[in-house]
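Trainee: Attaching a predicted model along with its sequence, questions to come.
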Amino acid sequence: MDNNREHWGSKIGFILAAAGSAIGLGNIWRFPYLVGENGGAAFIILYLLCVVLVGLPLVIAEILIGRTAQKNPVGSFRELSNHNPFWVGVGVLGVLTGLMILSYYNVVAGWSLGYVVESARGSFQHIGDPEKAGILFDQLSASWTWSLFFSACFMMFTIGIIYFGVIQGIEKASKIMLPILFLLIILLVIRGVTLEGARAGICYLTKPDFSAINGKTALLAFGQVFFSLSLGMGALLTYGSYMTKNEKIVSSAVSVVVLNTSVSLLAGFMIFPPLLALGMKPAQGPSLIFNILPVMFNSIPGGYFFRIIFFLLLSMAALTSTISLLEVITAFVVDEFRLSRKKASVILGGIVFLLGVPSALSAGRLENFTILKLTFFQLVDFISANIFLPLGGIFIALFVGWFWGMKKAIPNLLEGSVALPGFIVTIWSILIRFVAPVLILLIFLNSLGII
Ligand code: PFF
């Protein structure tokens, strides 16, 4: 093992950092609005199926590649494939996808940070209905100074953490932020489901109408599984590369997936009962949480403070995700080009911020600049989350299942967890070799209209 490589300070270090990467805007911002636009409970069931059949097995595979090779995504594929250019290209695709996701993710993270400040200023104090909150959101996000200022601040925080390195930065940040976020969400769920008229929202999330499902929704559910689990672009691979060989991969992966899925489901129960109780429609797109949450806090005693804390925690959850995105790119440049971590993080953070400018302007000045009917922001989101991540997922499955092969993968998986029951290994190998690649391919073909 590379003794110079930094490793997690404790066994829980990996789980916390990987859960920190997984839990973020994807759970609290993206998941609820996709559920709202794509049929509620039926979408959730499809999502959960994808998590079990494709998400979890791939999370295990991705961590395994990183822990075995102890390198960044490009270096890991290069080493385990004996310098095969195709697989090196898969690693490069991962790094590029990370760059794309971070560029617009940082914009939404900036909105969240901006909402901390607006909450403290009392901007939402007298807003009683989500429609008015929506108008305010439109005004704020359309202001390029507001959105660029906060996204620049956010990028500086991200760079700051990456600058200090894995254990000092990433592990510590996740240890403090995650538990508090969990508690606050539970508090909001309790408030939401006890509101008068909350039943409609609960039914919306639990009574599926399968007619809402088609090829496009399946692609979106798949994309969301990858996005939410930070899967398919080498983030888990990179975090896995900081793991030692005596840690258990499967149980760590299960913990991360269970934690992440619970936060998404809780976020659903936090948003929809109050939304429907207030008579609003679920399909509101990416502004959903910014319309409903500020108002919700007005019906809670101490709402002013809770609102500040909530957006602060949402920003922190986003931060543990942005650091994993920047870490992938930084680890690549540090390992491959021998640049110092400090220099690399500042330069790359700056470049990604600039790449995010058109996304930040998509809510305002560039609102009418569309490609395939999507704004720049929506286009980057669609391509990276729904195309590149699942594509990365197919490649990871094919690599571990067929190219590197089970003969090498299984002994490496068992290192650190000799007691893993044989049937689990068998199920995992079937899912990774057959189920995951075939399912992803079918969904791709279907959404392209080919089958
Ligand atoms: N999983 C993060 C979220 O749900 O907010 C987003 C993300 C982080 C995607 C890291 C991909 C990634 F590599």
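Mentor: Here it is on my side, so go on. Numbers count the residues shown, from 1 in each chain.
Trainee: Which stretches in the stretch 101-250 of the chain count as strands?
Mentor: With DSSP state E, counting those that start in this stretch as the definition, the stretch 101-250 of the chain shows no strands.
Trainee: mind exporting the helix or strand hosting Ile65 as PDB, just the C-alpha atoms?
Mentor: Counting by DSSP states H and E, the element that carries Ile65 is helix 56-69. The C-alpha trace of helix 56-69 is given here as PDB (Å, rounded to 0.1, in the frame of the first residue of the first chain):
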ATOM      1  CA  LEU A  56     -25.800  -0.500  -3.900                       C
ATOM      2  CA  PRO A  57     -23.900  -3.000  -6.000                       C
ATOM      3  CA  LEU A  58     -22.200  -0.200  -7.900                       C
ATOM      4  CA  VAL A  59     -21.300   1.700  -4.700                       C
ATOM      5  CA  ILE A  60     -19.500  -1.500  -3.500                       C
ATOM      6  CA  ALA A  61     -17.700  -1.900  -6.900                       C
ATOM      7  CA  GLU A  62     -16.600   1.800  -7.000                       C
ATOM      8  CA  ILE A  63     -15.200   1.800  -3.500                       C
ATOM      9  CA  LEU A  64     -13.500  -1.500  -4.300                       C
ATOM     10  CA  ILE A  65     -11.700  -0.200  -7.300                       C
ATOM     11  CA  GLY A  66     -10.400   2.800  -5.300                       C
ATOM     12  CA  ARG A  67      -9.300   0.800  -2.200                       C
ATOM     13  CA  THR A  68      -7.500  -1.700  -4.300                       C
ATOM     14  CA  ALA A  69      -5.600   0.700  -6.500                       C
END
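Trainee: which helices and strands does it pack with?
Mentor: Where contact means 3 or more Cβ pairs under 8 Å, 6 or more residues apart in numbering; DSSP states H and E, helix 56-69 is packed against helix 73-80, helix 235-240, helix 249-277, helix 389-398, helix 406-414. C-betas here are computed from N, CA, C, even on glycine.
Trainee: Please list the residues of this structure that sit near the ligand.
Mentor: Counting by Cβ under 6 Å from any ligand atom, the chain comes close to the ligand at 21-22, 24-27, 98, 101, 227-228, 230, 233, 235, 321, 324-325.
Trainee: Farthest-apart pair in these, please.
Mentor: Asn27 and Gly98 (18.5 Å; Cβ to Cβ).
Trainee: who are the neighbours in contact with Ala173?
Mentor: Going by Cβ atoms under 8 Å, 6 or more residues apart in numbering, Ala173 touches 20, 161, 316, 319-320, 323.
Trainee: Is it possible to mark the buried ones in these?
Mentor: Buried by 16 or more other Cβ atoms under 10 Å: 20, 161, 316, 319-320, 323, out of those.
Trainee: Turn these into JSON lines, including pLDDT.
Mentor: Output for the buried ones among the contacts of Ala173, formatted as JSON lines (pLDDT from 0 to 100):
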{"residue": "Gly20", "pLDDT": "92"}
{"residue": "Ile161", "pLDDT": "86"}
{"residue": "Met316", "pLDDT": "88"}
{"residue": "Leu319", "pLDDT": "93"}
{"residue": "Thr320", "pLDDT": "90"}
{"residue": "Ile323", "pLDDT": "91"}
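Trainee: Nearest to Glu118 among these?
Mentor: Distance to Glu118, by Cβ to Cβ, is smallest for Met316 among these, at 17.0 Å.
Trainee: I figured the closest one hits Leu181, correct?
Mentor: Yes: the criterion here is Cβ atoms under 8 Å, and Met316 meets it with Leu181 at 6.9 Å.
Trainee: Highest mean neighbour count out of the helices and strands packed on helix 56-69?
Mentor: The highest average neighbour count among the helices and strands packed on helix 56-69, using mean count of other Cβ atoms under 10 Å, belongs to helix 235-240 at a mean of 30.
Trainee: residues in contact with it?
Mentor: Residues contacting helix 235-240 (Cβ under 8 Å, 6+ apart): 14, 17-18, 21, 59, 62-67, 72-73, 76, 94, 98, 229-230, 249, 324-325, 327-328, 331.
Trainee: Kindly tell me how buried the residue of the chain at minimum distance from the ligand is, as a neighbour count.
Mentor: Nearest to the ligand, among the residues of the chain, is Gly26, at 2.0 Å (Cβ to the nearest ligand atom). For Gly26, the neighbour count with other Cβ atoms under 10 Å is 29.
Trainee: dump the residue contacts of it.
Mentor: The contact partners of Gly26, by Cβ under 8 Å, 6+ apart, come to 224, 227-228, 264, 321.
Trainee: was I right about Phe403 contacting Phe86?
Mentor: No: using Cβ under 8 Å as the test, Phe403 is too far from Phe86 to be in contact (9.1 Å).
Trainee: Of all the residues in the least confident helix or strand in the chain by mean pLDDT, which ones are buried?
Mentor: Lowest mean confidence among the helices and strands of the chain (mean pLDDT, DSSP states H and E): helix 172-193, at a mean of 84. Buried residues in helix 172-193, counting neighbours by 16+ other Cβ under 10 Å, are found at 172-175, 177-178, 181-182, 184-185, 188-189, 191-193.
Trainee: start to end distance for stretch 27-36?
Mentor: 13 Å (Cα to Cα, to the nearest Å).
Trainee: roughly how far is it from the heart of the chain?
Mentor: Averaging C-alpha positions (Cα atoms, centre = their mean, to the nearest Å) puts stretch 27-36 11 Å from its chain's average.
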